[in-house]
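Visitor: Got a predicted model here, sequence first, then my questions.
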Amino acid sequence: MGEFCDLSSMLTVTNVVEHAFCARFTYFELVLGIRQGEGRRGTVIAGKTFHSNHSKRNKRFQIKKLDGNKLTELLLKSNEHYISGKIDEAIELPNEIVVIERKYSDYAFICSTIRTQMGLLAILVEENMKKQVNQGIVVFEKSKRVEIPFRITSKIKQSALFELKKTRQVIERGIIPRALSDNRCLNCCYRRICPSGN
């Protein structure tokens, strides 16, 4: 990430999730090639450390209500949609696969970016593993642990693909997209160069 991108480049799930958060992430990072520099932020470092520690220490830990084969750290790509992504954790059941996403956050609710992420991850799993993904679980873990079951419907998958299409349109056009100025701007890594509110 952080390098110039054109339409022949395979996008990542993270690219599309960032676009869903704010379309100007796509413009600054994938059109102009300006790195985010978010890796130096405390919250980002803490989140990455959390994911790394969980991955190493909890290889066999499984959510009790799911009795199936645990899959971890799957790197998948879609030749149909030309996108790649990493599934940190999933449970393979006889007729389906449940995607599990962990968030280092106290804000335990399913927002639009999580819906986009889960929709794209489901598409990747279905194409590569030939099993349906109809449900996921988002686990919020910071000061306390909250599990939220999440239905991954065909509508959510189609909405995620539409977000992918919009991401590619920004790259193709090369024009800074409109964006609203709100509380997200306060902690944005591009706030010093972004003409927010225009």
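Guide: Ah, there it is.
Visitor: middle-most residue in the protein, spatially?
Guide: Gln117 (3.8 Å; Cα atoms, centre = their mean).
Visitor: The helix or strand containing that residue packs against which elements?
Guide: Element membership of Gln117, judged by DSSP states H and E, is helix 112-129. With contacts taken as 3 or more Cβ pairs under 8 Å, 6 or more residues apart in numbering; DSSP states H and E, helix 112-129 sits against helix 13-21, strand 69-78, strand 83-92, strand 97-103, strand 135-141, helix 154-173. Heads up, the C-betas are built off the backbone N, CA and C, glycines and all.
Visitor: which of the residues in it are buried?
Guide: Neighbour-count burial for helix 112-129 flags 113-126, 129 (criterion: 16 or more other Cβ atoms under 10 Å).
Visitor: what does it contact?
Guide: For helix 112-129, contacts defined as Cβ atoms under 8 Å, 6 or more residues apart in numbering pick out 13, 16-17, 20-21, 74, 76-81, 83-85, 87, 90, 92, 97, 99, 101, 103, 131-133, 136, 138, 150, 152, 156-161, 163-164.
Visitor: so Leu66 makes contact with Glu92?
Guide: No. Contact criterion Cβ atoms under 8 Å: Leu66 and Glu92 do not qualify, at 9.6 Å.
Visitor: Just the mean pLDDT for stretch 34-48, thanks.
Guide: Per-residue pLDDT over stretch 34-48 has a mean of 56.
Visitor: picking that back up, the residue nearest to the centre of the chain and Leu124: what is the separation?
Guide: Gln117 sits 11 Å away from Leu124, going by Cβ to Cβ, to the nearest Å.
Visitor: Could you list the low-confidence segments of the protein?
Guide: Low-confidence segments of the chain (pLDDT under 70): 1-8, 38-64, 196-198.
Visitor: Okay then, goodbye and thanks.
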